[in-house]
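# With the sequence up front, the predicted model follows.
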Amino acid sequence: MSKVLLLLTGGTICMVRNAKTGALHPADMEVIRHHVPELLSSEIKVDMLPFTPLIDSSDINPENWERMARAVYDHYEEYDGFVILHGTDTMSYTGSALSFMLQNLSKPVVLTGSQLPVGVLRTDAKENLLTSIEIAAAKDEEGNAMVPEVCIYFEDCLFRANRTTKRNAEHFSAFNSYNYPALAKAGVHITYQPHLIHYSPLNSSLQLRVQTDCNVAVLKLFPGITQAVVHSLLTTDGLRGVVLETYGAGNAPSAQWLYDELKNAVKRHIIIVNKTQCNTGSVEMGRYDTSLNLMKAGVLSGYDITTEALLTKMMCLFGEYGDDTELVRQWLQKEMCGEVTIENS
């Protein structure tokens, strides 16, 4: 019998509605088992590990990421896979962070949640949870995990977690992976796409890397942005990295003051990475004149990475390598666990 560890961290999927007041409140393990009795009758043995107290995903922080990563690491040899119940609002951030914290995975770590609480009649929680457990336990003919990476399962799609963005607060299909195809689709059968799955090097062992540095920021460009706003952010005390959200294929205003501010920040060893504001597509530095100044200022290309993945990658790299900004710059231009497609580099 396959064994899966179910981590309950919080979110709507871990809530039930009070029959009298209608208010939502956290559910304990017994309530989850009551609403999803299949957990006990399944051919897969499911053990539960709840966070106490449960955490609203809006309150998730790197300390919580570390706790999740350590839970997987500490129980790694005991289980065939792991499922993490999590709120949807920051799930893409958590999934991205875990992909960098848990290097050389050979077992699935599947995050899932729901748009409706587990006890509601039309809830999507039950299908998301049970399918995630099945994916976490799935093995190929040779006994290897079908999807040995950090993923997000929602509605009927399994995505690489560090490629996802929450796209909808209303529909059940809450997530999308705009620049990378789904790793699996669930219908009557679960259809996997092995050629799209990220596999760790053979005979590699799981590495836990949980040090983070949160001195990073997002600077989103917009028509009319002022020098005072840019200067204020770039001179923030302790700032180490910036995600520069630009237009289209990585373009920015050609104003001299913007070039000067970015160049001076890079000289102060602040790493700035160009990330397009578009959901789909990639940064192409130098394609237009309006991105040449960014190159000259020392801004790096983020290619097709998501903001969620880029921020958490920066946090993890700064946490691990500290003041070695050159090494951080090098890793930001490399693919670590399928988070980015780098072409012609």
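Noted; the coordinates are in hand.

# which stretches of the chain aren't confidently modelled?
344-345 (pLDDT under 70).

# C-terminal to the lengthiest helix in it, what's the next element?
Secondary structure of the chain per DSSP state H: the longest helix is helix 307-321. Where DSSP states H and E defines the elements, the next helix or strand beyond helix 307-321 is helix 325-332.

# What is the stretch of helix or strand Glu134 belongs to packed up against?
Following DSSP H and E, one finds Glu134 within helix 125-137. With contacts taken as 3 or more Cβ pairs under 8 Å, 6 or more residues apart in numbering; DSSP states H and E, helix 125-137 sits against strand 3-8, helix 38-41, strand 81-85, strand 109-112, strand 150-154, strand 190-192. Where C-beta positions appear, they are placed from N, C-alpha and C, glycine not excepted.

# Please identify the most buried of those.
Of all these, strand 150-154 carries the top mean neighbour count, a mean of 29, counting by mean count of other Cβ atoms under 10 Å.

# ok, and what's touching that one?
Applying Cβ atoms under 8 Å, 6 or more residues apart in numbering, the external contacts of strand 150-154 come out as 88, 91-92, 95, 98-99, 102, 105, 108-113, 128, 131-132, 135, 158-162, 164, 172-175, 183, 186, 337.

# ok, of the residues you listed, which come out buried?
88, 91-92, 95, 98-99, 102, 105, 108-113, 128, 131-132, 135, 158-162, 164, 172, 174-175, 183, 186, 337 (16 or more other Cβ atoms under 10 Å).

# Name the SS class of the spatially most central residue of the chain, please.
Nearest to the geometric centre of the chain sits Ser96, at 2.5 Å (Cα atoms, centre = their mean). For Ser96, the assignment made with DSSP: H, G, I helix; E, B strand; the rest coil gives helix.

# Test my guess that it contacts Asn162.
Yes: counting by Cβ atoms under 8 Å, Asn162 is a contact partner of Ser96 at 4.1 Å.

# Common neighbours of these two, please.
Both Ser96 and Asn162 are contacted by Thr306, Glu308, Ala309, Thr312, Glu339, under the criterion Cβ under 8 Å, 6+ apart.
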